[in-house]
Every structure is written in C-alpha cells, then in structure tokens.
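Engineer: Whatever this is, show me its structure:
(one chain, ligands or ions: 1)
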Amino acid sequence: MSTASAERATSVLMRPLSLGSLLLPNRIVMAPMTREHSPDGIPGDDVARYYGRRAAGGVGLIITEGTYVGHESAGNSARVPCFHGAEALAGWSAVADEVHRAGGRIVPQLWHTGMDRAVGAPPVPDAPRIGPSGVPLDDSEPGVTMTQSDIDNVIAAFATAAAEAEAIGFDGVEIHGAHGYLVDQFLWSHTNRRTDTYGGDTASRARFAAEIVEACREAVSPDFPILFRLSQWKMQHFQARIAETPQELEVILGRLAEAGADVFHCSTRRFHLPEFEGSDLNLAGWARKLSGRPSISVGSVGFDNEFLQSFQGQQGKVTGIDGLLDRMERDEFDLVAVGRGLLANPDWTAKVLNDRWDELRPFHVGLLGTLH
Ligand SMILES: Cc1cc2nc3c(=O)[nH]c(=O)nc-3n(C[C@H](O)[C@H](O)[C@H](O)COP(=O)(O)O)c2cc1C
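Structural biologist: Below is the predicted model:
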C-alpha cells in the first residue's frame with residue numbers, strides 16, 4: 001500500500017480553517033451518511049454516542065446523516081431522523097452536546113427527498129410525492145408538480161430547520177442540494193421542466209436553491225456557516241450533469257454564494273477524477289476557483305472503489321492518501337470529507353495522522369446493521 005508519511009499528512013491535514021463563526025482544527029470532515037437507526041425519526045443515545053466517537057477520534061467537522069425538514073413530503077423512511085418536532089430536536093440537541101463534549105463540531109444535513117419518495121412511504125404516508133415538474137427519477141409514476149405555495153412551504157421548512165439548528169447548539173447547517181433529491185431536482189434540466197421563473201436556463205433552475213439559502217441565511221446569525229452540497233451525478237443517473245461547462249457551474253455557484261452559502265461541498269464518487277476537459281481540477285477544485293469560497297471534496301478517499309460499489313457488496317481495499325495530499329498541498333480545495341473510512345473507523349483521523357495504516361478497517365455493508 002502506498003502511504004503518506006505521518007509528517008506530510010499532519011502538515012497538510014492539520015491546518016486549521018475558519019468558516020464564519022466556526023474554527024475547524026483540521027481539514028477532515030465526516031461525510032453525511034444515512035444510517036436509519038432513528039426509530040420514528042428520533043435520534044437516540046446510540047446516535048449521539050456514534051457521532052461522539054467520531055469527534056473523539058479527531059475529525060474536524062461532522063456532517064450528520066440527511067435529516068428531514070418539517071414538510072409533509074420530505075421523507076421516505078420512518079427510521080431516518082427528522083429535524084423538526086420536540087422529541088427529534090431534543091435527540092439532536094443531545095447529539096450536538098455529545099459531540100461538543102468530545103471536542104468536535106457538527107452540522108446537520110437538511111434534506112427533502114422530493115420525487116425520490118416512494119408513494120405511501122412513511123413518515124407521512126398520505127403526503128403527495130412532489131417535485132419541480134413531477135418527473136420521476138426512475139420508471140415509476142409521475143408525481144405532483146409543485147405549486148408556488150408548495151415552493152414557499154418547503155423554503156420555510158428549510159429556514160425553520162436552520163434556525164432550530166442554531167438554537168439547539170449546532171455549529172452550522174448543510175443544505176442537501178445533491179444526488180437527485182428535491183433541491184437537485186430543480187437544478188437538473190431533466191427533472192425541472194418548469195416554464196415559470198424556477199425553470200429554464202441554468203440561473204433560473206438555481207433559483208429555488210438560492211431562495212432556500214437566502215431564507216436560511218435570514219433565519220440564522222450572519223456568521224453561522226451555511227454549507228451547500230451539490231453534485232453532478234444522481235443516485236439513479238451517474239452521467240447526469242447540472243453544469244456542462246465551468247461557465248454554467250459559475251452561474252449556479254454565483255447565485256448560491258450571493259444568497260449566503262459559505263462553503264460548497266462538492267460530491268463526487270471519486271475525488272481524483274477531473275470535472276471538465278482540459279484541466280485536472282475536480283469539482284471541488286472548480287467550485288473554489290469559480291466562487292472564491294472554501295470547498296469540500298469527497299469520494300473514495302482511502303479506498304480503491306466507490307461507495308455505491310460497496311453497497312453492491314464489493315469490498316474495497318484500503319489505499320494511501322498521497323494523491324489527496326498532492327491536491328490539498330496545491331490548495332485545490334480546502335477540506336476533504338470521508339464517508340466509509342469514518343464509518344468503519346471512528347478514529348480514522350487518528351490512525352491516518354499517526355501512520356497506523358495497518359489498523360484501518362475496510363468498509364463492508366454489514367457495518368450498516370449496527371451503530372458502532
Ligand atoms: C451508508 C451511506 C449513507 C449515505 N448517506 C448520505 C446522505 O444521507 N447524504 C448525502 O449527501 N450523502 C450520503 N452518502 C454519500 C457520502 O456522503 C459520501 O459522499 C460517499 O460515501 C463517498 O465518500 P466515501 O467514498 O469516502 O465513502 C452516503 C454514503 C454511505 C456510505
């Protein structure tokens with residue numbers, strides 16, 4: 001295995017970074033990962049301990065699993081945590097406390113699944129399945145096209161969740177604008193066929209996302225960090241793109257930055273692949289260059305396969321991180337998110353920074369059954 005020396009890893013990854021009111025001690029972020037261990041949408045003590053262990057293991061910032069905003073059509077599972085309602089918020093408050101006690105920092109990932117929701121799925125089985133144009137992501141039945149009042153209600157739900165996050169002690173929020181869920185369904189021309197001001201060209205398709213960011217920004221303190229996660233690929237469509245060119249990406253990021261997004265979290269399945277022809281920059285590299293805002297990269301760090309291959313049962317091999325450090329030394333992007341590595345190894349950070357490579361556990365789907 002090619003490994004980075006502990007000294008090099010430390011000098012690159014242990015640089016602190018300020019994001020508004022938040023001072024991160026290092027550049028390693030826990031990627032958001034749905035765990036479905038929150039019965040009735042309420043995160044319990046086991047969830048708090050799970051995140052607390054990652055904080056104790058030295059990760060600089062934790063982004064929680066996707067958590068549903070308070071809109072009837074947001075969810076698709078009764079075991080995914082909600083970010084509304086007294087009980088769920090009390091559970092989340094305990095999670096934030098546990099992470100802070102362990103010396104960590106944490107932001108919730110605010111989520112609306114939109115057309116990804118199965119008809120009749122909990123937590124609100126009767127709720128309609130909604131999207132910008134009701135276009136399904138697979139070969140299922142069309143859903144309901146959102147009215148202006150649906151749009152306003154969803155924007156308000158995100159803003160309320162952001163305000164709650166600050167009130168119960170989180171260190172920022174991340175808006176889930178990636179992977180083909182509701183916010184991304186507006187960004188993507190395939191699912192957004194609207195002819196009003198929310199559809200059409202790239203800037204118009206970014207309007208819904210920008211209005212969510214703007215409403216969240218107004219609902220929280222001026223220096224409370226707002227992260228925005230975006231992706232080209234969708235869960236059901238790996239070749240999908242919301243931006244064919246750097247110019248289109250610049251339009252989207254420009255609208256979001258103007259609305260108040262502080263950090264762009266650029267989800268790719270393999271961080272080492274270039275995003276546009278003619279440059280080696282990955283999506284996070286482009287986001288930083290085009291927006292001037294800090295960016296987070298992610299995807300197959302420390303593994304030789306990507307996470308959806310893992311879901312299909314392929315056990316990836318643990319690899320070194322020299323290629324990652326090369327990019328971070330050049331300041332291509334500011335932070336790196338690690339998913340499976342941290343799921344399998346709560347102390348991934350400590351192991352990597354101390355050359356304990358042989359102790360890194362590989363990821364396999366069996367790990368999803370329990371919260372350890
Ligand atoms: C079990 C699991 C659940 C995930 N759930 C989410 C999620 O809730 N929100 C999200 O934006 N990405 C989610 N992802 C994607 C990860 O955030 C990350 O982008 C992906 O795992 C690639 O990073 P890795 O190669 O380091 O695992 C999930 C990934 C895994 C493995």
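
Engineer: and the closest residue to the ligand within the chain, how many neighbours?
Structural biologist: Of the residues in the chain, the one nearest the ligand is Gly339, at a distance of 2.7 Å by Cβ to the nearest ligand atom. To be clear about C-beta, it is placed using only N, CA and C from the backbone, and glycine gets the same treatment. The local packing of Gly339 (other Cβ atoms under 10 Å) involves 24 other residues.

Engineer: which sections of this structure are below the confidence cut-off?
Structural biologist: 1-4 (pLDDT under 70).

Engineer: for the ligand, what are the nearby residues on it?
Structural biologist: Residues of the chain that fall close to the ligand, judged by Cβ under 6 Å from any ligand atom: 31-34, 65-66, 109, 176, 178-179, 229, 267, 298-301, 303, 306-307, 338-341, 368.

Engineer: buried stuff in stretch 244-258?
Structural biologist: Pro246, Glu248, Leu249, Glu250, Val251, Ile252, Leu253, Arg255, Leu256, Ala257 (16 or more other Cβ atoms under 10 Å).

Engineer: Would you mind writing the CA trace of that stretch as CSV?
Structural biologist: What follows is stretch 244-258 as a C-alpha-only set of coordinates in CSV (Å, rounded to 0.1, in the frame of the first residue of the first chain):
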residue,chain,number,x,y,z
GLU,A,244,-22.0,21.0,-18.7
THR,A,245,-19.3,23.7,-18.5
PRO,A,246,-17.4,25.7,-15.9
GLN,A,247,-19.4,28.8,-17.0
GLU,A,248,-22.7,27.0,-16.1
LEU,A,249,-21.2,25.9,-12.8
GLU,A,250,-20.1,29.5,-12.1
VAL,A,251,-23.7,30.7,-12.6
ILE,A,252,-25.1,28.2,-10.1
LEU,A,253,-22.4,28.9,-7.5
GLY,A,254,-22.7,32.6,-8.0
ARG,A,255,-26.4,32.6,-7.2
LEU,A,256,-25.8,30.4,-4.1
ALA,A,257,-22.9,32.5,-2.9
GLU,A,258,-24.8,35.7,-3.3
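
Engineer: List the contacts of that stretch.
Structural biologist: Here stretch 244-258 makes contact (Cβ atoms under 8 Å, 6 or more residues apart in numbering) with 187, 202-203, 205-207, 209-210, 213, 228, 230, 242-243, 264, 276, 286-287, 290-293.

Engineer: Wait, a helix at Gln109?
Structural biologist: No. Gln109 is assigned strand when assessed by DSSP: H, G, I helix; E, B strand; the rest coil, not a helix.
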